[in-house]
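Engineer: Here's a sequence, model it:
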Amino acid sequence: MPNPKDRIKKPSAPAELSAETASEAAEERGKSPLDEVMSQAERAYAAYMDAERQVAKAYHENETQVAKAYKRAEAQSSRSYEAKMTQALKDRDEAIAKAAKARENAIQRAEEAHAAAVAAAGNNCDAAVAEAARVRDEQIEKAWQVRDQTIDQAWQIYSKIAR
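Structural biologist: Numbers count the residues shown, from 1 in each chain. Alright, predicted model coming up:
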């Protein structure tokens, strides 16, 4: 059994030992089987700690990549939303403009129809007044003719009586 004083003190932080330091220490101590096993254990622990750091780094990198992918997806979604909203607003504005144009056209057609109806009513009124005036004039003419005939007859009768 080796002397406890001959044993090398275990380092308080074995993770800080590198594989090279562990192998140098084993060569200095002599190559007892326990020292060899301790040296292997220290190298294995150092390798484990290194692997653990690499795994933590890989998880961190993965988390960073996932965050970047999320931000890209979020940005793409925002761009898509903005594009669709802009298109919807443009479509709405075009529809409103088209409706306003149709309204203006309808108002113009209604005004034209109103003007045509007023003109037609005026023409009809003028024609009716002209016709009524013609009929009146004809009736007055006939009435004058009847009057004249009546006066002539009256004078003829008077002249026959007065002779």
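Engineer: Lowest average confidence across helices and strands of this protein, where is it?
Structural biologist: When the helices and strands of the chain are scored by mean pLDDT, DSSP states H and E, helix 19-29 comes last with a mean of 55.
Engineer: Name the next helix or strand downstream of that one, please.
Structural biologist: Proceeding N to C from helix 19-29, the next assigned helix or strand is helix 33-162, under DSSP states H and E.
Engineer: Would you mind pulling up the elements that that following helix packs against?
Structural biologist: helix 19-29 (3 or more Cβ pairs under 8 Å, 6 or more residues apart in numbering; DSSP states H and E). Placement of C-beta: from N, CA and C, glycine included.
Engineer: Flag the shaky bits of this protein, pLDDT-wise.
Structural biologist: The model of the chain has pLDDT under 70 over residues 1-30, 163.
Engineer: Quick one: residues contacting the residue most central in space within the chain.
Structural biologist: For the chain, residue 85 is the residue whose C-alpha lies nearest the centre (Cα atoms, centre = their mean; 1.6 Å). The contact partners of residue 85, by Cβ atoms under 8 Å, 6 or more residues apart in numbering, come to none.
Engineer: Against residue 78, how distant is it?
Structural biologist: As defined by Cβ to Cβ, to the nearest Å, residue 85 lies at a distance of 10 Å from residue 78.
Engineer: now swap in residue 50 and tell me
Structural biologist: In terms of Cβ to Cβ, residue 50 sits 42 Å off from residue 78.
Engineer: With residue 40 instead?
Structural biologist: 56 Å.
Engineer: Compare neighbour counts for the two and give me the winner.
Structural biologist: residue 40 (13 against 10; other Cβ atoms under 10 Å).
Engineer: and residue 70, how many neighbours?
Structural biologist: Residue 70 - counted by other Cβ under 10 Å - has 10 other residues nearby.
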